[in-house]
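**Student:** Build the 3D model from these lines:
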Amino acid sequence: MIDETDQHTAHAAADTDRSTGVGTEVEVRSDFSGRWVPGFSVAESKPEGLRLRRKSDLHVLPAWFPTEQVRPLS
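**Tutor:** As a prediction, this is how the structure comes out:
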């Protein structure tokens, strides 16, 4: 049985695969709350994941984010 979280994550991963070029505004799934957090854009994209830029101060975050944790802002 697939719960709503799994369905949502699968849908988000499909959205991410379609449109996460550099500059795309995105939301990131929080490891703490499980909620989607806006305020980022894609700074760099590689097969292993994405590097994100925080919109508030334009700082590029040092971590790579798996594509399933990022979705285009709708």
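
**Student:** Could you point out the longest strand of the chain?
**Tutor:** strand 36-46 (DSSP state E).

**Student:** counting contacts, what elements does that strand pack onto?
**Tutor:** Packing partners of strand 36-46 (3 or more C-beta pairs under 8 Å, 6 or more residues apart in numbering; DSSP states H and E): strand 25-29, strand 49-54, strand 70-72. The way it works is simple: take the backbone N, C-alpha and C, and place the C-beta from them, glycine included.

**Student:** From residue 74, how far out is residue 57?
**Tutor:** As judged by C-beta to C-beta, to the nearest Å, residue 57 and residue 74 stand 24 Å apart.

**Student:** Also residue 23?
**Tutor:** Distance from residue 23 to residue 74, by C-beta to C-beta: 16 Å.

**Student:** Tell me which of the helices and strands packed on strand 36-46 is the most buried.
**Tutor:** Among these, judged by mean count of other C-beta atoms under 10 Å, the one packed with the most neighbours on average is strand 70-72 (a mean of 21).

**Student:** How far off centre is the longest strand of the chain?
**Tutor:** 5 Å (C-alpha atoms, centre = their mean, to the nearest Å).

**Student:** and that strand, what's its mean pLDDT?
**Tutor:** Averaged across strand 36-46, pLDDT comes to 97.

**Student:** Strand partners (parallel or antiparallel) of it?
**Tutor:** According to DSSP bridges, strand 36-46 forms sheet pairs with strand 25-29 (antiparallel), strand 49-54 (antiparallel).

**Student:** Of those, which is nearest residue 35?
**Tutor:** strand 25-29 (7.4 Å; C-beta to C-beta).
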